[in-house]
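Undergrad: Pasting the sequence and the predicted coordinates here, then a few questions.
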Amino acid sequence: MATERTELTRTGAGVERLTTAEVIDRLSRFGGPPEQFLGNLLAVQCQIGPAQGGAIIRNGPDGVVELLAAYPALQQNAAIPVWIAQAIELFPEVLSTGVSALRPLHSPDDMYGQPPQRHLALVPLRGPQAVRGMAAFMVETRDAIFLAAARDRLELSVSLLSLYEMRLTLQRRQLDLRRLRSAMEVLAAVNEQERFAGMGMALCNEVASRWQCDRASLGFLKGRYVQVRAMSHTEKFSRKMKVVQDIEAAMEECVDQDVEVLHPSSPEATYVSRAAAELSRHHGPSAILTLPLRHSGAAKAALLLERPPDQPFNIEEIESLRLTADLVTPRLVNLEEHDKWIGARMAGGIRKGAAAAVGPKHTWIKLLVILVVGFLLFAFLVDGEYRVEVPFALETVEQQVIPAPFDGYLSAVYVEPGDMVEGGKTTLATLETAELKLRLASAKAERMAYLKQAAAAAAEDKTAEAQIYQAQADSVAAQINYLEYQIAHATIVSPMSGLVVTGDLKRQVGAPVKTGDVLFEVAPVEALRAELSVPDSDAADLLENQSGELATASYPDQRAAFVVERINPMSEVVERQNVYKVRVRLQTAYPWMRPGMEGLAKVDVGKRSYAWIWTRTLVNWVRMQLWL
């Protein structure tokens, strides 16, 4: 193997004949781009194998199988060889098993009964946690021992890829360390300054020195425009100078886009670099890099660097400068804001607060604040009608009590509570009169007997006896009149028109009644009033002649107006609560209104602010608890 040679292509060096050992040694120290390394690695592996072709395959980010490299290299727009297509089909199997595999490649030239001439050697490429790809090689041989030895050599040569990746990782880490060291050194030099002017000058000088810049300028956003605040190796400058104005224009271009602007820019660049090009044409030529300095997610300043056009800024320098800007910006912005006289700081704070209040950020929070402030202004400045809400019950202004006219028994009952009766015409009930009539007949007979005896005694000139009989006849006559009165009043008629309020006696027919027992109560419906039950916490707010409205539970959609007529000065305990009875006079009456109906009444107390109305109960409770 030491005498074998292979070809290793190097950019800009043509083709050089090297031994396999030399090629492996160079590959182990190769630091070029991955595409070139993979091509050279496949070439070496095919030489070591030996194999007639090789390919590296992996799963792409979207799950589609990708061909990273092939040897011999495929021509542009050329079809993929059959053996590579078969290797791609076998890729999921190797990906799942994670072990090397040998698969035959059948072709029309193979003779029947003989083993195939070509085979696929599939070698998995392992990552830190799982298989990440596969190397596929086409080996021409019918010797199984030679095929197995070729697979082993190919498996060993795959380790060169891991070595290359480790070297790239180490190089990236070393590069990151160099960037971090440069940034920290700049930050240390800048932090030595205690005033903003000195810090800005130190930053510009340090950056210009480390990155070989002809000029470094620092500008801060003030309002809508950028003002140059520091320039390398320049203590005094005027904003009226043309170069300063062009630098500010280039900085504004960068800050407005909030991206790094590089001039000359690549054709694929999506940012605008017109102002940077004008600066280079008028005051150059020069290569220009403008970096936005971001603080709290927004571009607050810009750093513009200029150097000769034959030394354009590369990616490594741009990333190092970006890291430096990110580290320096917080200290720089903080010192710029506070290194001012007190008037300027107050004006800046007011401006920042106003900008935050009317700016486009935190829209929902600002809308909520506006709504809360509007609600508070409405609650404290707008007056509403304060109403005391209390329960009520309808009652009659007057009520007729109809008692039993004499002792007796109920014979019949014709009405019940809720019936309308007409005064002097509607019979409410009748009492039993049979016994009264018998007693009346007996009394009449007894009176006739006394009259006859008195007439006989008068005929015999027995004056004294005649007077005694006449007196007895008169006494019986009085009894007759009383019995006739009772019989006449046995039919109970309503003395007034109205509604039967009480008197559910239909189930008591035949029951005895005594003189004076209340049988019925009749109330005129056209004269109703309401009695409010006002809690003691609201009683002080009510006065006579206050107006309001009430609605019954049975007709909540119909409101009746009223006026407070009388407030009872003594409280009553109703359902474990002290209440005052307030009598009101209805100004609106409806035919459906009946005594005893209940509902809710609202008394108009007067105008109060809505804040007072909504918090009155809570404030009074707190005052009672804290004794304020």
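TA: Cool, the structure landed.
Undergrad: Nearest residue to the middle of the protein?
TA: Among the residues of the chain, the one closest to the centroid is Trp364, at 10.2 Å (C-alpha atoms, centre = their mean).
Undergrad: a helix runs through that residue, doesn't it?
TA: Yes: applying DSSP: H, G, I helix; E, B strand; the rest coil, one finds Trp364 inside a helix.
Undergrad: do you know how far it is from Gly297?
TA: From Trp364 across to Gly297, the span is 18 Å (C-beta to C-beta, to the nearest Å). Where you see a C-beta, it was placed from the backbone N, CA and C, and this is true even at glycine.
Undergrad: now Gly596
TA: Gly596 sits at a distance of 72 Å from Gly297 (criterion: C-beta to C-beta).
Undergrad: Looking at these two, which one has more neighbours?
TA: Gly596 (12 against 7; other C-beta atoms under 10 Å).
Undergrad: Test my guess that that one contacts Leu394.
TA: Yes: with contacts counted by C-beta atoms under 8 Å, Gly596 reaches Leu394, the gap being 6.4 Å.
Undergrad: Could you measure from the most far-flung residue of the chain relative to its centre over to Leu451?
TA: Largest separation from the mean C-alpha position in the chain: Glu460, at 121.5 Å (C-alpha atoms, centre = their mean). Going from Glu460 to Leu451 by C-beta to C-beta gives 15 Å.
Undergrad: which helices and strands does whichever strand or helix holds Ala457 pack with?
TA: Assigned by DSSP states H and E, Ala457 belongs to helix 434-459. Here helix 434-459 touches helix 463-488, going by 3 or more C-beta pairs under 8 Å, 6 or more residues apart in numbering; DSSP states H and E.
Undergrad: Can you give me the buried ones in the helix it packs on?
TA: The neighbour-count check on helix 463-488 (16 or more other C-beta atoms under 10 Å) flags 466, 469-470, 472-473, 476-477, 479-480, 483, 486-487 as buried.
Undergrad: thinking again about what came up before, I'd like the distance between the residue nearest to the centre of the chain and Leu377.
TA: 20 Å.
Undergrad: any chance you could map the helices in the stretch 251-400 of the chain?
TA: 274-283, 315-338, 342-358, 363-381 (DSSP state H, counting those that start in this stretch).
Undergrad: Now tabulate those helices in TSV and tack on mean pLDDT and distance to Val534.
TA: Conversion of the helices of the stretch 251-400 of the chain to TSV gives the following (pLDDT from 0 to 100; distance: least, C-beta to C-beta, whole Å):
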stretch	mean pLDDT	distance to Val534
helix 274-283	88	80
helix 315-338	83	63
helix 342-358	66	48
helix 363-381	87	26
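Undergrad: Mind putting these into a markdown table with distance to Arg210?
TA: What follows is the helices of the stretch 251-400 of the chain, written out as a markdown table (distance: least, C-beta to C-beta, whole Å):
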| stretch | distance to Arg210 |
| --- | --- |
| helix 274-283 | 21 |
| helix 315-338 | 9 |
| helix 342-358 | 32 |
| helix 363-381 | 43 |
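Undergrad: Of all those, which one comes closest to Ala78?
TA: Ala78 sits nearest to helix 315-338 of all the helices of the stretch 251-400 of the chain, at 32.4 Å, using C-beta to C-beta.
Undergrad: Output that closest one in CSV with nothing but the alpha carbons.
TA: Only the C-alpha atoms of helix 315-338 are listed here, as CSV (Å, rounded to 0.1, in the frame of the first residue of the first chain):
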residue,chain,number,x,y,z
ILE,A,315,-17.3,37.1,8.1
GLU,A,316,-15.0,36.4,11.0
GLU,A,317,-14.3,40.1,11.6
ILE,A,318,-18.0,41.0,11.3
GLU,A,319,-18.9,38.4,13.9
SER,A,320,-16.2,39.5,16.2
LEU,A,321,-17.3,43.1,15.9
ARG,A,322,-20.9,42.1,16.5
LEU,A,323,-19.9,40.4,19.7
THR,A,324,-17.9,43.4,20.8
ALA,A,325,-20.9,45.7,20.0
ASP,A,326,-23.3,43.5,22.0
LEU,A,327,-21.0,43.6,25.1
VAL,A,328,-20.3,47.3,25.0
THR,A,329,-23.7,48.6,24.2
PRO,A,330,-25.5,48.3,27.6
ARG,A,331,-22.8,50.2,29.4
LEU,A,332,-22.5,52.7,26.6
VAL,A,333,-26.3,53.4,26.5
ASN,A,334,-26.6,53.6,30.2
LEU,A,335,-23.8,56.1,30.6
GLU,A,336,-25.1,58.2,27.6
GLU,A,337,-28.5,58.5,29.4
HIS,A,338,-27.1,59.4,32.8
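Undergrad: quick one: buried residues of it?
TA: Buried positions in helix 315-338, judged by neighbour count with 16+ other C-beta under 10 Å: 317, 320-325, 327-329, 331-333, 335-337.
Undergrad: So, low pLDDT: which residues of the stretch 351-500 of the chain?
TA: Applying pLDDT under 70 to the stretch 351-500 of the chain picks out residues 351-359.
Undergrad: neighbours around Ala78, how many?
TA: Residues contacting Ala78 under the criterion other C-beta under 10 Å number 8.
Undergrad: wait, I meant Ala197
TA: The number of residues packed around Ala197, counting by other C-beta under 10 Å, is 14.
Undergrad: Could you do the one 5 residues further on as well?
TA: Each residue near Ala202 was counted by other C-beta under 10 Å, and the total is 19.
Undergrad: Likewise for Ala455?
TA: Using other C-beta under 10 Å, Ala455 has 13 neighbouring residues.
Undergrad: repeat for Ala73
TA: 12.
Undergrad: Over to Thr396?
TA: 21.
Undergrad: for the one 10 residues further on, same thing?
TA: The number of residues packed around Phe406, counting by other C-beta under 10 Å, is 17.
Undergrad: Ala69 now?
TA: The burial count for Ala69: 21, using other C-beta under 10 Å.
Undergrad: How about Thr515?
TA: There are 10 residues near Thr515, going by other C-beta under 10 Å.
Undergrad: and what of Thr169?
TA: Counted with other C-beta under 10 Å, the neighbours of Thr169 add up to 10.
Undergrad: Please apply the same query to Glu278.
TA: Number of residues near Glu278 (other C-beta under 10 Å) recorded here: 16.
Undergrad: Same check on Ala150?
TA: Counted with other C-beta under 10 Å, Ala150 comes out at 21.
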